[in-house]
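Chemist: please work out how this folds:
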Amino acid sequence: MEIFWRLLFGHMLADFTFQTNFINRWKRTSAVGLLVHCLMHPAFYIVLCWPYLGEYWVENIFFRLNGWTCVLIVFLVHWLEDWWRVYTIFKYNMPDNTVFFLWDQIIHYSVLFAVVPMAADSAASSGFFPEKWPVLGCLFVVVTHACTVLVYFLEKDIHGAEYPGFDEKHLAMAERLVLALCCLFPSPAGAVVLAAAWLGVMFFLRRNRLFDLTAFTFYMGACISAFSGVAARAILY
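Modeler: Below is the predicted model of the structure:
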């Protein structure tokens, strides 16, 4: 599972953290922009999976595929999926909503899972989380940029909300990240106290309109960051 988590971390970095508003607009209006976005994925995969690229990831009675070939396949499928999504949205007015977003991510994750080596003896010996850092990296992206995108789609579907501006987006990410980090305090009791105190600060800022977030965004973000923080704690300790 080392390769899977490294690929997943690379995907999340390319699809969320480094997919800026500019890149997102560019890929929807230009074939070059779409290619640039998609090329970010193999770039991260190569860096993160470098020690494993020469190994065979897929082996069966018909063929064997090494890491380089699998990265190329993932890149091509990602490009086709993103092209299809953009094409159907603009050509056939398909709703760019939460369901479409989640479907898109499921396709990408399924392709990653399909190309990683899944030998039973290897999985049994290393476990589901053989390395902590790529899993923690994935949770970091979930708390920050991935949560921003998911909450935006939900808010848009429910209330017709616009994508958050720069200040709102990054202040909300900072609030969620601090809450998740509170959960990592070594003492369990201390982690609970810190998380509760920070939730109180977040609630105070919102109630006094020092930080203007909708109730849905506030509570959904708090739930996602608390869950991610607890998950990170379980993995770390």
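Chemist: switch to C-alpha atoms for all contacts and neighbour counts from now on
Modeler: Noted.
Chemist: which residues touch F75?
Modeler: By CA atoms under 8 Å, 6 or more residues apart in numbering, the contact set of F75 is C38, L39, H41, P42.
Chemist: just the residues you listed: which are in helices?
Modeler: Residues of the contacts of F75 located in helices (DSSP state H): C38, L39, H41, P42.
Chemist: for the protein, which spans come out with low pLDDT?
Modeler: Across the chain, the ranges flagged by pLDDT under 70 are 119-126, 210.
Chemist: ok, 80 please
Modeler: 118-127, 166-167, 208-213 (pLDDT under 80).
Chemist: residue ranges for the strands of it, please.
Modeler: In the chain, the strands defined using DSSP state E lie at 56-59, 64-66.
Chemist: in the longest helix that the chain contains, which residues are buried?
Modeler: Ordering each helix of the chain by length in residues (DSSP H) puts helix 67-91 first. By 16 or more other CA atoms under 10 Å, the buried positions in helix 67-91 come out as 67-71, 73-75, 77-79, 81-83, 85-86.
Chemist: of the strands of the chain, which is nearest F203?
Modeler: In terms of CA to CA, the element of the strands of the chain nearest to F203 is strand 56-59, at 47.8 Å.
Chemist: and that closest one, what does it pack onto?
Modeler: strand 64-66, helix 67-91 (3 or more CA pairs under 8 Å, 6 or more residues apart in numbering; DSSP states H and E).
Chemist: can you put those in JSON lines and add distance to F9?
Modeler: As requested, the helices and strands packed on strand 56-59 are exported to JSON lines (distance: least, CA to CA, whole Å):
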{"stretch": "strand 64-66", "distance to F9": "20"}
{"stretch": "helix 67-91", "distance to F9": "14"}
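Chemist: that'll do, ta.
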